[in-house]
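K.L.:
Below are the sequence and a predicted model for it; my questions follow.
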Amino acid sequence: MPVLSDTVKKQILAVRDTGRTNMFDVNMVQRIAYDMEFYELVTYLEEHRREYAHFMLTGEG
């Protein structure tokens, strides 16, 4: 399982902190990330949805 980079973790938490979406609505998370210019997270979500869900459920990544 690929390890989340610190950059991607920070971007996930920044999107979460907006309170604009349920973090399991991956398409909306991706849209918000794009609007916030978090392109690393946008790409990560395209390639690693399973790992993202694992991080959201466990905080491990």
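P.N.:
Cool, the structure landed. Numbering: from 1, shown residues only.
K.L.:
Which stretches in this protein count as helices?
P.N.:
With DSSP state H, the ranges of helices along the chain come out as 6-18, 26-35, 39-47, 49-58.
K.L.:
Throw those helices into JSON lines and include mean pLDDT and mean neighbour count, thanks.
P.N.:
C-beta coordinates here come from the backbone N, C-alpha and C atoms, glycine included. Shown next, in JSON lines, are these (pLDDT from 0 to 100; neighbours: other Cβ atoms under 10 Å):
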{"stretch": "helix 6-18", "mean pLDDT": "98", "mean neighbour count": "15"}
{"stretch": "helix 26-35", "mean pLDDT": "98", "mean neighbour count": "17"}
{"stretch": "helix 39-47", "mean pLDDT": "97", "mean neighbour count": "16"}
{"stretch": "helix 49-58", "mean pLDDT": "96", "mean neighbour count": "14"}
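K.L.:
And for F24, the neighbour number?
P.N.:
F24 has 11 neighbours, counted by other Cβ atoms under 10 Å.
K.L.:
can you give me phi and psi for it?
P.N.:
phi -90, psi 0 (degrees, to the nearest 10).
K.L.:
go on, T21?
P.N.:
The phi/psi pair for T21 (degrees, to the nearest 10) is phi -160, psi 160.
K.L.:
isn't it right up against Q30?
P.N.:
No - contact criterion Cβ atoms under 8 Å: T21 and Q30 do not qualify, at 9.9 Å.
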